[in-house]
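Visitor: Here is my input, please return the structure:
(one chain, ligands or ions: 1)
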Amino acid sequence: VPLGLQSPGACLWRPPPPQLSCGLTELDEPRISLTVTEKPKIQRRPVSRWQGPHGCVGEFCLFVNPGFANGRGIVAITTKQTIENLKANLKEKSSTAAPANPATPSFTVTSIKNKGLGLVANTTLHRGDTIMTQTPAILVHRNFLERLPPTKQHALLDDAIARLPAPLRASFLAQMGHVEAGHKITAILATNTFQMNLGGPDGHHYGNFPEVSRFNHDCRPNAAFHIAADRDSSLTHTTTAVRAIQPGEELTISYLGALEPRAARQLRAHHAWGFDCACAQCRLPSAAAAASDARLGEIADIETELADVRSERVTPAMLRRLAGLYEVERLEGSVASAYTLIALNSNMLGEEEMAREFAARAVEALVIENGSGSGDEDAMRALAERPREHFTWRRRVVG
Ligand SMILES: C[S@@+](CC[C@H](N)C(=O)[O-])C[C@H]1O[C@@H](n2cnc3c(N)ncnc32)[C@H](O)[C@@H]1O
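Guide: Below you'll find the predicted structure:
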């Protein structure tokens with residue numbers, strides 16, 4: 001069982017991730033503010049610069065960057081090569097600027113019955129609205145957490161958190177750790193990390209985003225998330241509303257795979273995060289829960305069929321059926337790859353209008369689920385505009 005939440009995204013049609021394009025700069029341009037009575041003041045924005053190593057355990061070392069995201073800071077326990085890649089590629093803008101969040105957040109952090117703290121909307125949100133964008137407090141190489149004995153991890157983890165700027169350190173330490181006993185930072189990471197691929201053969205990391213950690217789980221969440229790590233040096237985690245949300249509604253993400261049946265979901269929520277999921281989908285009466293599981297199984301079967309370019313069983317009705325199953329299951333936060341498959345298969349069947357319709361729906365969903373600028377998005381835009389010129393046109397018809 002992977003430790004962290006996996007950002008959704010990878011699909012059949014996704015090209016390999018491009019090189020990290022980020023860059024580090026020594027100094028920002030000074031900003032000059034003029035007032036009538038005072039001399040010009042030079043304000044220097046914090047400098048984003050990786051420092052270290054500050055101690056190593058084997059190949060994993062502690063690096064710190066107090067200026068990251070306009071002085072919010074970040075620490076990393078990773079290989080020297082990973083830091084070299086970040087240094088070589090980090091772009092000035094994305095490394096120094098904090099991600100833009102509204103001055104007044106659209107949510108309130110509050111206590112939720114049987115769940116600890118959580119986030120509740122304080123305004124109406126619509127599908128596609130950004131809820132928050134955050135940079136990590138800490139990046140940890142996957143092999144450090146998974147391969148080293150815990151006792152060898154503790155000192156470096158403690159030192160890493162101690163070196164965070166004070167406000168971010170406080171936010172980190174305020175997070176919940178669902179494992180009571182043991183090492184506090186390890187417990188926090190076990191409850192609150194996301195898988196992040198920084199690109200390249202050594203790119204697998206876990207990232208912790210203290211503000212994001214307040215999202216509780218729902219098997220049919222009203223928000224989706226993505227992490228811009230493999231094609232963007234900002235390392236930002238973004239959550240986006242996937243349907244209309246009323247003030248007072250809890251904001252949720254899913255910690256689990258969208259297509260997992262109820263028993264598997266409940267088992268994993270219990271083992272990995274220590275709670276018994278009582279979301280509306282998990283509380284369905286047994287007949288309705290069995291019907292839902294059957295639909296999830298049918299979705300998986302149809303998608304397997306659609307991914308097989310030699311299959312002769314694919315029909316337009318099957319494609320409509322798949323879209324309908326996602327709707328009935330209220331999986332509007334996990335539809336991008338299904339719409340992509342439907343668009344491609346419509347085109348392969350020579351169903352031009354359907355290809356246009358689902359390619360456009362795929363573009364909208366891809367931006368929400370994976371962020372804008374993915375290779376899939378470009379491919380779906382091209383398909384929506386000129387289906388007949390796409391390489392898939394009538395591929396299932398002409399063989
Ligand atoms: C990432 S944290 C979410 C925020 C957390 N509630 C807090 O107080 O900071 C994950 C933990 O929240 C709790 N949690 C999340 N979703 C839940 C749910 N649907 N039902 C009950 N507890 C939940 C579990 O204790 C889980 O280990």
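
Visitor: right, and the helix or strand after whichever strand or helix holds Asn345?
Guide: Assigned by DSSP states H and E, Asn345 belongs to helix 336-348. Once the chain leaves helix 336-348, the next helix or strand it forms, by DSSP H and E, is helix 352-370.

Visitor: gap between that following helix and the chain center?
Guide: When C-alpha coordinates are averaged (CA atoms, centre = their mean, to the nearest Å), helix 352-370 and its chain have centres 20 Å apart.

Visitor: Could you export it as PDB, CA atoms only?
Guide: Once non-C-alpha atoms are left out, helix 352-370 reads as follows in PDB (Å, rounded to 0.1, in the frame of the first residue of the first chain):
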ATOM      1  CA  GLU A 352     -17.500  12.500 -35.500                       C
ATOM      2  CA  GLU A 353     -20.000  14.500 -33.400                       C
ATOM      3  CA  MET A 354     -19.600  12.200 -30.400                       C
ATOM      4  CA  ALA A 355     -15.800  12.500 -30.700                       C
ATOM      5  CA  ARG A 356     -16.100  16.300 -30.700                       C
ATOM      6  CA  GLU A 357     -18.400  16.200 -27.800                       C
ATOM      7  CA  PHE A 358     -16.300  14.000 -25.600                       C
ATOM      8  CA  ALA A 359     -13.000  15.500 -26.600                       C
ATOM      9  CA  ALA A 360     -14.400  18.900 -25.400                       C
ATOM     10  CA  ARG A 361     -15.700  17.300 -22.200                       C
ATOM     11  CA  ALA A 362     -12.300  15.600 -21.700                       C
ATOM     12  CA  VAL A 363     -10.500  19.000 -22.000                       C
ATOM     13  CA  GLU A 364     -12.700  20.500 -19.400                       C
ATOM     14  CA  ALA A 365     -12.200  17.600 -17.000                       C
ATOM     15  CA  LEU A 366      -8.400  17.300 -17.700                       C
ATOM     16  CA  VAL A 367      -7.900  20.900 -16.600                       C
ATOM     17  CA  ILE A 368      -9.800  20.300 -13.400                       C
ATOM     18  CA  GLU A 369      -8.200  17.000 -12.500                       C
ATOM     19  CA  ASN A 370      -4.700  17.400 -13.800                       C
END
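
Visitor: now for it, which elements pack on it?
Guide: Judged by 3 or more CB pairs under 8 Å, 6 or more residues apart in numbering; DSSP states H and E, helix 352-370 is in contact with strand 223-227, helix 316-328, helix 336-348, helix 375-385. C-betas here are computed from N, CA, C, even on glycine.

Visitor: Bridge partners for the residue nearest to Leu139 when sequence neighbours are not counted, pull those for me.
Guide: Of all residues beyond its chain neighbours, the one nearest Leu139 is Ala76 (4.2 Å), with distances taken as CB to CB, 6 or more residues apart in numbering. Counting by DSSP bridges, Ala76 is bridged to Phe63, Leu139.

Visitor: how close does the spatially closest residue to Tyr206 that is not a sequence neighbour sit to Arg265?
Guide: Nearest residue to Tyr206, sequence neighbours excluded (CB to CB, 6+ apart): Thr193, at 4.0 Å. Counting by CB to CB, to the nearest Å, the separation of Thr193 from Arg265 is 19 Å.
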